[in-house]
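Novice: this one's sequence-less:
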């Protein structure tokens, strides 16, 4: 059974800092790994999706990497802004293209001015 | 882009009553939809997988008679919380899988906040 863990649980940084969020998974047979953002009381916004055959994906100030052999993914946020404050969730899709998503517990990010 | 809606966005009901939540894929067909619940400050937990035209598959520990799921069309799945109790109060999120996408992506709805008094 896939287990996804995110570290740290919470992170508070000053505006402008570069930061890294970590995600680890126990079953390396994932089909893809996604990073989501969730604002309080809201649904999920997909940020980046990395297929199992890929090593990283980039979108603007965000860069996500995937290392299946070590069971790890990182989300790098460059030049953080207060608007980046949210909960960030990673989720691994198991096995096949139709695998279910297993979510980590999330990292609560606060970027203060 | 692919959009998933949920209705209602929030609902308050009395203990013992039933509540229906709708999940719709607005601009694509979804043969599979998923229902998650999220307690405060916790992550999403998959409750069940809903397949169009067939019975839903429930995750271990989820009572199928309490959480009724109907996926009657390629764009609509409903979750009915029967005989709701305060412990059912939670944030319910659905997602829909775009069957035409080669990568079978899931698109998430905005969630429904259920409060049982």
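Specialist: Perfect, I can see it now. Quick caveat: nothing in here was measured; it's all calculated off a predicted structure.

Novice: residues of chain A that sit close to chain B?
Specialist: A:32, A:36, A:41-44, A:46, A:49, A:51, A:89, A:91, A:97-98, A:100-106 (CB under 8 Å from any CB of the partner chain). Where you see a C-beta, it was placed from the backbone N, CA and C, and this is true even at glycine.

Novice: filter those residues to the buried ones?
Specialist: If you count burial by 16 or more other CB atoms under 10 Å in any protein chain shown, the buried members of the residues of chain A next to chain B come out as A:32, A:36, A:43-44, A:46, A:49, A:89, A:91, A:100-106.

Novice: pairing partners for the helix or strand hosting residue A:111, with directions?
Specialist: Following DSSP states H and E, one finds residue A:111 within strand A:107-112. Partners of strand A:107-112 in the sheet, by DSSP bridges, are strand A:10-14 (parallel), strand A:86-94 (antiparallel).

Novice: what residues of that strand count as buried?
Specialist: A:107-109, A:111.

Novice: tabulate those in a markdown table, adding columns for distance to residue B:114.
Specialist: A markdown table is the format used below for the buried residues of strand A:107-112 (distance: CB to CB, whole Å):
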| residue | distance to residue B:114 |
| --- | --- |
| A:107 | 26 |
| A:108 | 23 |
| A:109 | 27 |
| A:111 | 31 |
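
Novice: so which of those is the closest to chain B?
Specialist: Closest approach between the buried residues of strand A:107-112 and chain B, by CB to the nearest CB: residue A:108, at 8.2 Å.

Novice: that closest one reaches residue A:87, doesn't it?
Specialist: Yes. Using CB atoms under 8 Å, residue A:108 makes contact with residue A:87 at a distance of 5.2 Å.
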